[in-house]
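pasting the sequence and the predicted model now:
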Amino acid sequence: MAKKTRKFKTEVQQLLDLVIHSLYTKKEIFLRELVSNASDAIDRAKYEGLTDKSILKDSENFKIKISLDKEARTIIIEDNGIGMDFEELEKNIGTIASSGTKKFVASMQESGDSSAELIGQFGVGFYAAFMVADKVSLVTKRRGKKQQAYKWESDGTGAYTIDDVEKDSCGTEITLYLSEDQSEFLDDWQIKRIITQYSDYVSHPIVMDATKTEPAEEEGGDPIISIEEETLNSMTAIWKKNKKDVKKDEYKDFYRHISHDHMGEPLRTIHFVAEGVTEFRSLLFLPEKAPFDLYMRDERRGLQLYVKNVFITDDCKELMPDYLRFIKGIVDSSDMPLNVSREMLQDDAVLRRIRKSLVGRILKTLAEMLKKKPEDYDKFWDEFGKVLKEGLHSDFENADKLKDLVLFHSTKTDKPGTLKDYVSRMPEDQTEIYYISGENIDLVKTSPMLEAFNKKGYEVLFFIDPIDEWVAQSLTEYDGKQVKAVDRGDIELDTEKEQKKKEKAREKADTEYKDLIDLMKEELKEDVKDVRFSNRLTDSACCLVADEMGMNANMERIMKSMNQEFQPTLRVLELNSKHPILEKMKGLHKNDKKDQQLKDYCELLFDQALLTEGSPIKNPARFTQLVSDLMVKA
Ligand code: ADP
């Protein structure tokens, strides 16, 4: 293959500039990133070697070697891991974490925040090398039969080259040509310090040549100078250590290593050994910040799985339910066979038991946080609340625990609160829990549906996340009380006595307004299922309500936004018999049943009901025309 020069994709170039110039305050972490990559590459080689014997030689001595050359001003980081073939090299090093990059750069530019903490999540680890180097060259050869080696080279300013080269051993060797002002990294002690600080737990030896001077064998002779490899890291897997022997910073560094969240911190760390029927060790992290791709299908999820100390996979999705996909961490089990394949993982009884135990621990940790450190829980909720709520719809086994963990805004609170708190605030005569769903707080807060509830002093929860429509389907009961939507069916808020009184008034209104209501039904027959007097309105003229089973306005809006095919169900137009509009319409009707103005009023009432709930109206131009005409007449 002839040497090829390629340009970075535009976004990559922009991101590179950010990484080099502003992102990491500590330039030394470039080494942590490259060592992490080397360690991952060795893990993969060992794993592929389990099933493909051609990949490994009999006695492989896996290691990561760092060499310094003060004269040439280079640092070389070499591993004998899996290596990369041409396609992998292009894909992994030529583009950065492809899918997310563009979105990320756009959001960075929008916020104008060049110190964005988010950078780490975008898999730009390798590019950290350009913080200290003017030029980086990477020579790599994939393990496996008859592989060609390649050299990738770039000065980080726009283009890179890939060329065929000769390389005896498999793995990857990265040479950094240090910039003028980065001489400190040519010092052995510096490198040792950085490795012990950030990469001590890496499970493969990180070695460096050390010059050893021993006294001469004979008296008066020259001392014997030899060069030996010295291992810089202790290699103790952090999850195998006793909890009390691990420092907070060690957990943090390990979290960054496995989560690829290069600058984030865990909000909670759960480190435990499970004993009993299924024995395993686990170290889990609840991140402080949500990754940008939490809602993307191809986001990195799943936990790392080790079986009997051997790395199996870093995205074992079977270990965590989807609604806890933000949890990072590792599980080390000794109860599974080493040769587990991906297919076997999908339905493994041991994994299922481990998963159950992990979910239990996490929910318990969250419950404790909510109780003892509510300020931390608020932080967690802001980042991951919407995802946790998915659990109400998918994890029936833990439904009761989840119900105590979900928070909602309401008519009586300015920050989201628990259902338990809602119940504790319920007036004595209130027997059910109520919610209203809609697009945002401002819209639902002013909804006419709330009028009767406010008057009675009944609190109403706000379901304003799209997921809440699904939550509502599962959250039908809490603490023995039914959970009901304010805009569905025929909600009864009154005492029997009040009901009877209102029923009478309604019957009276029904007879009094019968002809008018019939006319409205006829005029709006394409748009509504029925027209009737309402118990829920006190100030507004009208509103639209759904049947007990029918689709409400919010659900319709969500389905439309997802481009879902669906048949909208007609709803009921409810009127406030005390509103002066009705009196006015009755007068018009008495004078002339065929009065055009009467028909216009029907249309306007229906449009009003749509607008107050935040739904689009059919014909805005016509609506404006009708309102303008009214204004002129007034
Ligand atoms: P991240 O490690 O966060 O995915 P990087 O930019 O550090 O992002 O690396 C991108 C990809 O390049 C890695 O996921 C890996 O597939 C590949 N890679 C990097 N370094 C090595 C290496 N030493 N050996 C083999 N593959 C590597």
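All right, it came through fine. Residues are numbered from 1 along each chain as shown.

now the residue most central in space within the chain, what's its secondary structure?
When CA atoms, centre = their mean is applied to the chain, the residue found nearest the centroid is L294 (2.5 Å). Secondary structure, DSSP: H, G, I helix; E, B strand; the rest coil: L294 is coil.

what residues are up against it?
Taking CB atoms under 8 Å, 6 or more residues apart in numbering, we find L294 in contact with 325-326, 384, 387. C-beta here means a position set from N, CA and C on the backbone, and glycine is covered the same way.

out of those, which sit inside helices?
384, 387 (DSSP state H).

which among the contacts of L294 end up buried?
Buried subset of these (neighbour count, 16 or more other CB atoms under 10 Å): 325-326, 384, 387.

quick check: which ranges of the stretch 101-250 of the chain have low pLDDT?
Along the stretch 101-250 of the chain, the parts satisfying pLDDT under 70 run over 101-124.

can you tell me the residue of it closest to the ligand?
Nearest residue of the stretch 101-250 of the chain to the ligand, counting by CB to the nearest ligand atom: G125, 2.8 Å away.

tell me the contacts of that residue?
Counting by CB under 8 Å, 6+ apart, G125 touches 33-34, 36-37, 260, 262.

try it again at 7 Å.
33, 36-37, 262 (CB atoms under 7 Å, 6 or more residues apart in numbering).

please apply the same query to C542.
By CB under 7 Å, 6+ apart, the neighbours of C542 are 573-576, 605, 608-609.

okay, it and L575: tell me how far apart.
Distance of C542 to L575, computed by CB to CB, to the nearest Å: 5 Å.

same deal with K244?
Computed as CB to CB, the K244 to L575 distance reads 69 Å.

which one of these two is surrounded by more residues?
L575 (25 against 5; other CB atoms under 10 Å).

and the more buried one, what is it in contact with?
Taking CB under 7 Å, 6+ apart as the criterion, L575 is in contact with 531, 533-534, 541-542, 582.

which single one of the contacts of G125 is nearest to the ligand?
Ranked by distance to the ligand (CB to the nearest ligand atom), the contacts of G125 are led by N37 at 3.3 Å.

re earlier: among the contacts of G125, which ones lie close to the ligand?
Contacts with the ligand are made by 33, 37 out of those, judged by CB under 6 Å from any ligand atom.

how about the residues of the chain by the ligand?
33, 37-38, 41, 79, 81-84, 92-93, 123-126, 172, 260.

could you list the low-pLDDT ranges of the stretch 351-500 of the chain?
In the predicted model, the stretch 351-500 of the chain carries pLDDT under 70 at residues 489-490.

for it, which segments count as helices?
For the stretch 351-500 of the chain, the helices defined by DSSP state H, counting those that start in this stretch occupy 374-394, 399-403, 419-425, 441-445, 451-456, 468-474, 496-512.

one more: the stretch 151-300 of the chain?
For the stretch 151-300 of the chain, the helices defined by DSSP H, counting those that start in this stretch cover 188-199, 248-259.

dump these into JSON lines; add mean neighbour count as well.
Formatted as JSON lines, the helices of the stretch 151-300 of the chain follow (neighbours: other CB atoms under 10 Å):
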{"stretch": "helix 188-199", "mean neighbour count": "17"}
{"stretch": "helix 248-259", "mean neighbour count": "18"}
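
which ones are touching whatever residue of the stretch 351-500 of the chain ends up closest to the ligand?
When scored by CB to the nearest ligand atom, the stretch 351-500 of the chain has E383 as its residue closest to the ligand, at 20.6 Å. Shown in contact with E383 (CB under 7 Å, 6+ apart): 289-290.

now the helix or strand encompassing A621: how far from the chain's centre is it?
Assigned by DSSP states H and E, A621 belongs to helix 620-633. Taking CA atoms, centre = their mean, to the nearest Å, the mean C-alpha location of helix 620-633 is offset from the chain mean by 46 Å.

output the contacting helices and strands for it.
Applying 3 or more CB pairs under 7 Å, 6 or more residues apart in numbering; DSSP states H and E, one finds that helix 620-633 contacts helix 596-612.

give me the residues contacting the helix it packs on.
For helix 596-612, contacts defined as CB under 7 Å, 6+ apart pick out 447-448, 519-520, 523-524, 527-528, 540-544, 573, 585, 588-589, 617, 623, 626.

mind running it again at 8 Å?
With contacts defined as CB under 8 Å, 6+ apart, helix 596-612 is touched by 446-448, 519-520, 523-524, 527-528, 540-544, 553, 573, 575, 581, 584-585, 588-589, 592, 616-618, 622-623, 626-627, 629-630.

got it, and stretch 190-208?
By CB under 8 Å, 6+ apart, the residues outside stretch 190-208 that reach it are 28-29, 31-32, 35-36, 38-39, 42-43, 62-68, 75, 184-185, 188, 229-238, 250, 253-254, 257, 311.

also stretch 311-322?
Counting by CB under 8 Å, 6+ apart, 40, 43-44, 46-47, 203, 258, 300-306, 327, 331, 340, 342, 345-346, 348, 351-352, 354-355, 358-359, 390-391, 394-395 sit against stretch 311-322.

one step back: ok, and the most crowded of the contacts of L575?
Going by other CB under 10 Å, V531 tops the contacts of L575 with 24 neighbours.

that one bridge partners, please.
With DSSP bridges as the criterion, V531 is bridged to L573.

that one and the ligand: what is the separation?
60 Å (CB to the nearest ligand atom, to the nearest Å).

ok, now which ones touch S437?
By CB under 8 Å, 6+ apart, the neighbours of S437 are 444, 462-464, 468-469, 472, 485, 487, 552, 554-555.

ignore what I typed, I meant I55.
Contacts of I55 by CB under 8 Å, 6+ apart are 45, 48-49, 143-144.
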